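**Student:** how would this look folded up:
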Amino acid sequence: MRVPLSPGPESPSWPRPAAVLTAALLCLTACSATPDTADTPADPEPSLDSAQAEAALETYRSAQALYIDVVQGERDLDEALPELEELSSGQALEAFVSDARAFEEAGVTFEGTPTSAPEVTGIDTEADPAVATITDCWDDTAWQPVNEDGQPLEFDGEQLPRRVINARAEQHDEQGWVLTQMSPEEGRTC
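**Tutor:** Residues are numbered from 1 along each chain as shown. You can find the predicted model right below:
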């Protein structure tokens with residue numbers, strides 16, 4: 001059985017790979033070269049607020065870790081949902097929940113450990129609410145989907161094992177940072 005990237009119209013019960021969250025929970029490092037700054041004037045762009053950037057990253061990492069626990073069968077989605085709702089909302093929460101439910105309904109869990117290298121690539125603390133843009137390099141090379149009998153399943157052949165995931169987090173007064181959007185860049189590897 002192959003695990004497709006997203007359900008097709010003929011097979012609505014097929015699960016999407018977890019990386020879609022991470023839709024999925026969600027690859028945060030952009031895979032582009034860093035320009036040579038030797039000839040660049042000092043401080044041409046404002047620097048990121050490192051405390052706020054780290055807080056946004058912690059929310060991303062926590063949501064991702066919770067999602068991984070759920071799709072690996074270590075935690076029940078219904079039990080983890082209140083915590084997931086504290087860490088995410090909107091499209092990001094919907095992606096986490098729909099992916100986890102699709103895997104659960106298909107009897108698919110995951111073994112091994114995916115890797116991730118998230119970084120905040122932009123932050124606007126003047127916006128209302130404040131917004132952070134996160135880019136992740138999600139690598140599920142060592143993360144194997146298995147069926148209910150523990151037999152390995154193949155990923156859809158079109159899915160790249162290393163892909164870029166873009167996320168958006170908003171700072172809410174009572175909750176702190178909350179993930180609101182997560183989306184893979186189709187066809188972009190890192």
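
**Student:** State the distance from residue 77 to residue 160.
**Tutor:** 26 Å (C-beta to C-beta, to the nearest Å). All C-beta atoms are positioned from the backbone trio N, CA, C, and that covers glycine.

**Student:** Can you tell me who the nearest residue to residue 181 once chain neighbours are set aside pairs with across the strands?
**Tutor:** Leaving out its chain neighbours, the residue that sits closest to residue 181 by C-beta to C-beta, 6 or more residues apart in numbering is residue 168, at 4.1 Å. Under DSSP bridges, the beta-bridge partners of residue 168 are residue 133, residue 181.

**Student:** number of nearby residues for residue 168?
**Tutor:** Close neighbours of residue 168, defined as other C-beta atoms under 10 Å, add up to 19.

**Student:** For it, list the residues it contacts.
**Tutor:** Contacts for residue 168 (C-beta atoms under 8 Å, 6 or more residues apart in numbering) come out as 92, 131-134, 179-182.

**Student:** What's the per-residue pLDDT of it here?
**Tutor:** pLDDT recorded at residue 168 is 98.

**Student:** Residue 52 and residue 124 touch, don't they?
**Tutor:** No. Using C-beta atoms under 8 Å as the test, residue 52 is too far from residue 124 to be in contact (9.9 Å).

**Student:** shared neighbours, the two?
**Tutor:** Common neighbours of residue 52 and residue 124 (C-beta under 8 Å, 6+ apart) are 130, 132.

**Student:** which of the contacts of residue 168 lies closest to residue 142?
**Tutor:** For the contacts of residue 168, the minimum distance to residue 142 (C-beta to C-beta) is 21.1 Å, reached by residue 182.
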